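Asker: the sequence and its predicted three-dimensional model are supplied below.
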Number of protein chains: 2
Amino acid sequence: MSAITNTRIVLAARPQGEPKASDFRIEQAPLPLPARGQVLLRNRWLSLDPYMRGRMNEGRSYAPPVVLGEVMDGGTVSEVVESAHADWKPGDLVLAHGGWQTHVLVDGDALRRRLDPDDPPPSTALGVYGMPGFTAYAGLHEIGRPAAGETVVVAAAAGPVGATVAQLAKLHGARVVAIAGGQAKTTWLRGELGVDVALDHRATDFAARLQAAVPEGIDVYFENVGGHVSDAVLPLLNDYARVPVCGLVAHYNDAAPPPGPDRVPALLATILTRRITVRGFLQSDFLSLYPEFLRQMGQWLRQGKVKYREDVIEGLENAPAGLAGLLRGENFGKRVVKL
Amino acid sequence: MSAITNTRIVLAARPQGEPKASDFRIEQAPLPLPARGQVLLRNRWLSLDPYMRGRMNEGRSYAPPVVLGEVMDGGTVSEVVESAHADWKPGDLVLAHGGWQTHVLVDGDALRRRLDPDDPPPSTALGVYGMPGFTAYAGLHEIGRPAAGETVVVAAAAGPVGATVAQLAKLHGARVVAIAGGQAKTTWLRGELGVDVALDHRATDFAARLQAAVPEGIDVYFENVGGHVSDAVLPLLNDYARVPVCGLVAHYNDAAPPPGPDRVPALLATILTRRITVRGFLQSDFLSLYPEFLRQMGQWLRQGKVKYREDVIEGLENAPAGLAGLLRGENFGKRVVKL
């Protein structure tokens, strides 16, 4: 064997609004065997995350956009197939940035994390025990900082970030109001995760229900959606409230700003008069906390103090539709693609 | 003497947009002599501040609104006329919350600060050496935290908060871009305060000039105006920029939100992708720093390291027009009324 055939999904066009099938193209291409220091990986699990929509646009974001014709970026759990690096041997499972493809050739020095057999199941390294879980952990500990008895509101609470925020806030002794779309999710949030109140944001009287659910106002709002959920939350924020901003999934498909009036002055006035902190962050801003997160979260998962749910899509070819559905909020738990 | 006659300005109507003469009423009323523990003050200087406009509206703000028919609130430098409190004697100069009137009867225990003869001039206790100066100090030290070499942009820089921010940021070793309305102010900012760049926000090409003035982007934006200045600043903020929000004077007279589109999603996306901190504050949130502020600022003023300018209005009856002008940005320096 001197090369393998890699199947990959490339960005064919920059989407207008919701990504559609024709914005992607599936390709096959040969991949050489590893040169010295390299490792050949077979991707086993591909993470689908809302941030991927931003990478499909041109323009300034966290990171440069995916180049047209290039493979879509993405975190993976991958298995070492061939290694020309002393640290890695065939059969090792690793956390990688393998992308939307079956195989990838990487620099062995750049691999981040080996997944050990006594870790939680490998796919969780893309969810509760990986980037989304760490996003929840870092944002809550470093920005939200809920005190016992304070009220924490978290949106997209059936997703991997929101569900982890909800549970960590309960571990802090906070009162937790979790928001999600649909009754199946709110039932799970109440029954399985034990939040104090779970609300369906699709209810026509959602804003009134939220107000009734927070008689003492809101001290921490973990912002990962924006849109009408955010609109209902802002008037209820208390003095000195903290708003960690880690996502705005309701807006990722927006092709143009919504109609007026322009509510920026009103938002700034709310921030001013109530002395609110609104702070954007990425989990990568807090990497020094990562070892502590792995230790603590590993323990919580083993003890059953933190639970999680996965939403598995079968087959690489279904990743594009899986991402589009994720952006519509149809996932129930962490959406991963099983390759 | 068993009573004195107090002349006072009361709120006659809640303004729609810019406050006008008929929103106020001047009255005379007798004031009794101090009962035990009380002190009778004659107000010598009255502070005019943008926050006063917010207090004229109904609805939630920092503090309850001024009641219709009641005297307008305001900080004063006042002289003790009669005292029935052991700590105060006639002739003492004090910082008080004396309001828009010639005299006031206060609880001697509630008086905040005696002004000593070797302090800076008494009126500065309403400006650089008082609440506005402390607002600058607290917001810059606790939220803005400019590092040497970083770029700080401050609006309303010819006002007492902005001018102090500009000078303190220079003392931190930052590069300072100061924004004000009109050439007289920008000339003063450059020549007298020594800022690196001073820009007139009334210039038609203001946004382009601002962009040219910050080749390395903006690390700290001290927000005290909002409006088109804020609009020009936001696209230039760097990753991890800090935005202390202590005022939005461009909007205080707004009777309705501005027309669309709604730029809230875009603002939140900027906060997210650049990991910006936007934090509202009041100087009173940081009162533990006040003694340190008085000591440091007193020293800086004596050494000439911090300069200030006052904009004096003569006569209580001119306070309403003085406040309206302040909200239009016509003051050049700290606006005080000399009684």
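Answerer: Received, thanks.
Asker: can you pull the contacts of the residue of the stretch 151-300 of chain A found nearest chain B?
Answerer: The stretch 151-300 of chain A approaches chain B most closely through residue A:260 (1.5 Å), counting by Cβ to the nearest Cβ. The C-beta positions use only the backbone N, C-alpha and C, and glycine is treated the same way. Applying Cβ atoms under 8 Å, 6 or more residues apart in numbering or on different chains, we find residue A:260 in contact with B:257-262.
Asker: swap in residue A:82?
Answerer: A:33-34, A:39-40, A:90.
Asker: which secondary structure element contains it?
Answerer: Using DSSP states H and E, residue A:82 sits in strand A:76-83.
Asker: average pLDDT for that strand?
Answerer: For strand A:76-83, the mean pLDDT works out to 97.
Asker: which neighbours in the sheet does that strand have, and how are they oriented?
Answerer: strand A:38-47 (antiparallel), strand A:93-96 (antiparallel) (DSSP bridges).
Asker: CA atoms of that strand as CSV?
Answerer: Extracted in CSV, the C-alpha atoms of strand A:76-83 (Å, rounded to 0.1, in the frame of the first residue of the first chain):
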residue,chain,number,x,y,z
THR,A,76,-12.8,14.5,15.0
VAL,A,77,-12.1,11.4,17.0
SER,A,78,-9.7,9.5,14.9
GLU,A,79,-7.8,6.3,14.9
VAL,A,80,-4.1,6.1,14.0
VAL,A,81,-3.7,3.9,10.9
GLU,A,82,-0.1,4.4,10.1
SER,A,83,2.5,6.3,12.1
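Asker: highest neighbour count among the contacts of residue A:260?
Answerer: With neighbours taken as other Cβ atoms under 10 Å in any protein chain shown, the top of the contacts of residue A:260 is residue B:262, carrying 19 neighbours.
Asker: that residue: what secondary structure?
Answerer: coil (DSSP: H, G, I helix; E, B strand; the rest coil).
Asker: so what's it up against?
Answerer: Residue B:262 makes contact with A:257-264, according to Cβ under 8 Å, 6+ apart.
Asker: now with 10 Å, please.
Answerer: Residues in contact with residue B:262 (Cβ atoms under 10 Å, 6 or more residues apart in numbering or on different chains) are A:231, A:257-264, A:267.
Asker: now do residue A:59
Answerer: A:14, A:65, B:273.
Asker: can you pull out the strands in the stretch 1-150 of chain A?
Answerer: Counting by DSSP state E, counting those that start in this stretch, one finds strands in the stretch 1-150 of chain A at the ranges A:3-11, A:24-32, A:38-47, A:76-83, A:93-96, A:103-107, A:113-114.
Asker: and those, which one averages the lowest pLDDT?
Answerer: Lowest mean pLDDT within those: strand A:113-114, at a mean of 91.
Asker: okay, now the sheet partners of it, with direction.
Answerer: Strand A:113-114 is paired, per DSSP bridges, with strand A:93-96 (antiparallel).
Asker: now tell me what touches the partner strand from outside.
Answerer: A:39, A:41, A:43-45, A:47, A:74-80, A:87-88, A:104, A:106, A:108, A:110-117, A:119, A:122, A:125-126, A:129-131.
Asker: give me that answer again for 6 Å
Answerer: A:41, A:76, A:78-79, A:111-115, A:122, A:125 (Cβ atoms under 6 Å, 6 or more residues apart in numbering or on different chains).
Asker: which among those count as buried?
Answerer: Among those, those scoring as buried are A:41, A:76, A:78-79, A:111, A:115, A:122, A:125 (criterion: 16 or more other Cβ atoms under 10 Å in any protein chain shown).
Asker: what about the helices in chain A?
Answerer: Along chain A, counting by DSSP state H, helices occupy A:51-55, A:131-139, A:160-171, A:183-191, A:206-213, A:227-233, A:264-273, A:290-303, A:319-327.
Asker: redo those as JSON lines? Include mean pLDDT.
Answerer: Shown next, in JSON lines, are these (pLDDT from 0 to 100):
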{"stretch": "helix A:51-55", "mean pLDDT": "92"}
{"stretch": "helix A:131-139", "mean pLDDT": "97"}
{"stretch": "helix A:160-171", "mean pLDDT": "98"}
{"stretch": "helix A:183-191", "mean pLDDT": "97"}
{"stretch": "helix A:206-213", "mean pLDDT": "98"}
{"stretch": "helix A:227-233", "mean pLDDT": "94"}
{"stretch": "helix A:264-273", "mean pLDDT": "93"}
{"stretch": "helix A:290-303", "mean pLDDT": "96"}
{"stretch": "helix A:319-327", "mean pLDDT": "96"}
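Asker: picking that back up, the residue of the stretch 151-300 of chain A closest to chain B and residue B:256: what is the separation?
Answerer: 11 Å (Cβ to Cβ, to the nearest Å).
Asker: picking that back up, filter the contacts of residue A:82 down to the buried ones, PyMOL style.
Answerer: Buried subset of those, written as a PyMOL selection, criterion 16+ other Cβ under 10 Å:
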select buried, chain A and resi 34+39+40
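Asker: up against chain B, what does the stretch 151-300 of chain A have?
Answerer: Counting by Cβ under 6 Å from any Cβ of the partner chain, the stretch 151-300 of chain A comes close to chain B at A:226, A:245, A:248, A:251, A:257-269, A:271-273, A:275-281, A:285.
Asker: still on that earlier bit, the helices of chain A into TSV, with extra columns for mean neighbour count?
Answerer: As requested, the helices of chain A are exported to TSV (neighbours: other Cβ atoms under 10 Å in any protein chain shown):
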stretch	mean neighbour count
helix A:51-55	19
helix A:131-139	27
helix A:160-171	27
helix A:183-191	18
helix A:206-213	16
helix A:227-233	19
helix A:264-273	21
helix A:290-303	15
helix A:319-327	21
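Asker: and these: which comes nearest residue A:23?
Answerer: helix A:319-327 (7.3 Å; Cβ to Cβ).
Asker: can you name every helix or strand that that closest one contacts?
Answerer: Applying 3 or more Cβ pairs under 6 Å, 6 or more residues apart in numbering or on different chains; DSSP states H and E, we find helix A:319-327 packed against no helix or strand.
Asker: 10 Å instead?
Answerer: Under the contact definition 3 or more Cβ pairs under 10 Å, 6 or more residues apart in numbering or on different chains; DSSP states H and E, helix A:319-327 sits against strand A:24-32, helix A:51-55, strand A:310-314, strand A:334-338.
Asker: which positions within stretch A:325-339 qualify as buried?
Answerer: A:325-327, A:329, A:331-337, A:339.
Asker: among those residues, which two are most distant?
Answerer: So, the buried residues of stretch A:325-339 by Cβ to Cβ: farthest apart are A:329 and A:339, at 24.1 Å.
Asker: verify the stated contact: residue A:83 with residue A:35.
Answerer: No. Residue A:83 is beyond contact range of residue A:35, at 11.4 Å (criterion: Cβ atoms under 10 Å).
Asker: please identify which of those two sits among more neighbours.
Answerer: Neighbour count, other Cβ under 10 Å: between residue A:83 and residue A:35, residue A:83 has more, with 19 against 9.
Asker: check contacts around that one.
Answerer: Applying Cβ under 10 Å, 6+ apart, the residues near residue A:83 are A:34, A:37-41, A:89-92, A:108.
Asker: what of residue A:109?
Answerer: A:37-39, A:85, A:87.
Asker: so which of those comes closest to residue B:296?
Answerer: Closest to residue B:296, out of all of the contacts of residue A:109 and judged by Cβ to Cβ, is residue A:87, at 54.1 Å.
Asker: what about the residue nearest to that closest one when sequence neighbours are not counted, distance to chain B?
Answerer: Nearest non-adjacent residue to residue A:87, counting by Cβ to Cβ, 6 or more residues apart in numbering or on different chains: residue A:108, 5.9 Å away. To chain B, residue A:108 is 30 Å away according to Cβ to the nearest Cβ, to the nearest Å.
Asker: again, but for residue A:117
Answerer: 36 Å.
Asker: what about stretch A:41-59, distance to the chain center?
Answerer: 10 Å (Cα atoms, centre = their mean, to the nearest Å).
Asker: no no, stretch A:308-315
Answerer: Remark: stretch A:308-315 is offset 14 Å from the chain centroid, using Cα atoms, centre = their mean.
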